[in-house]
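1. sequence? don't have it. structure:
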């Protein structure tokens, strides 16, 4: 799975948000749920703090809206391109 990053990419964009028809999963949560690797294209546009937050979320993320706990599955790769 791929996602193009910009200087305005934020954590909500990557996780997802509550939408009209339920929770809209972002690229990070979609990749974790489907056990696909995630390539963040143009990751140089992200701040060091944003990259640190992403790595922290891979250890465990609780989505309040769906009451799910997501963690990076064994072998999961986050590719910063």
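-> Received the coordinates, thanks. Bear in mind the structure is a predicted one, so any value in this text is a computation, not a measurement. Numbering: from 1, shown residues only.

2. tell me the pLDDT at residue 21?
-> Residue 21 carries a pLDDT value of 87.

3. what's the answer for residue 61, then?
-> 93.

4. could you number the chain from 499 rather than 1 from now on?
-> Noted, 499 is the first residue going forward, which turns the last one into residue 559.

5. residues in contact with it?
-> 513, 527, 530, 567-569 (CB atoms under 8 Å, 6 or more residues apart in numbering). Quick note: C-beta positions are derived from backbone N, CA and C, even for glycine.

6. please report how far it lies from residue 540.
-> 23 Å (CB to CB, to the nearest Å).

7. sort out for me which of the contacts of residue 559 are in strands.
-> 567-568 (DSSP state E).

8. now the buried members of the contacts of residue 559.
-> 513, 527, 530, 568 (16 or more other CB atoms under 10 Å).

9. tell me the buried residues in the top helix by length along the chain?
-> The longest helix of the chain (DSSP state H) is helix 546-555. Residues 548, 552, 555 are the ones in helix 546-555 that count as buried (16+ other CB under 10 Å).

10. show the model's pLDDT score for the residue nearest the centre of the chain.
-> The residue lying closest to the centre of the chain (CA atoms, centre = their mean) is residue 526, at 2.2 Å. On the pLDDT scale, residue 526 is placed at 96.
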